[in-house]
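Q: Model the structure of this input:
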Amino acid sequence: MDSHMQLNEYHLNGISIESIGSFNNKRDSIDMRLGVEHELAKIAGDAEFYLVRLDVSFEPIEDNSAPYRGSVSGQALFSFPDMEEEERDIYLMYNGTSILYGLLRAQVVQVTAQCKDGKMLLPAFDFINYFSGQDSPDGE
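A: Sure thing, here's the model as predicted:
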């Protein structure tokens, strides 16, 4: 069965990763604070495409709790053939942001895999709680 939501393209807007010099390879307890900002928009003049933009920042919660700090930003274009506006907005908000976040997580893994402290995967992020206002982006 074909999906009613299609990822048409995505790209990075930027990525910045800084190695934490004092990190001592304590890989079993990585703990970081996330900051997430988003934008959801219809592409002007085009009734078919919708933009999702995410800016994600990350840093150790305390000394020696993560090997890196940094940020990653990207955007994706989605289309929704034959979908009602209300349903489309829900898909874009929850599924679109989750899809793009997963793609951005992969970029962080790819870059950090070449760093001295090895690869790091950003934690999963709960966009349902984020959009309902029940959870702050940094998990507090």
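Q: Would you mark the buried spots in the helix or strand where E39 lies?
A: In this assignment (DSSP states H and E), E39 forms part of strand 32-42. Neighbour-count burial for strand 32-42, counted by 16 or more other C-beta atoms under 10 Å, picks out M32, R33, L34, V36, H38. C-betas here are computed from N, CA, C, even on glycine.
Q: What of stretch 114-126?
A: Buried-residue list, stretch 114-126, by 16+ other C-beta under 10 Å: D117, M120, L122, F125.
Q: before we move on, back to that, can I get the buried residues of strand 32-42 in a markdown table including pLDDT?
A: A markdown table is the format used below for those (pLDDT from 0 to 100):
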| residue | pLDDT |
| --- | --- |
| M32 | 90 |
| R33 | 93 |
| L34 | 95 |
| V36 | 96 |
| H38 | 96 |
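Q: hang on, the earlier thing: against which helices or strands is the strand holding E39 packed?
A: The contact analysis (3 or more C-beta pairs under 8 Å, 6 or more residues apart in numbering; DSSP states H and E) places strand 32-42 against strand 49-60, helix 97-112.
Q: how about these in CSV, adding mean neighbour count?
A: As requested, those are exported to CSV (neighbours: other C-beta atoms under 10 Å):
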stretch, mean neighbour count
strand 49-60, 19
helix 97-112, 17
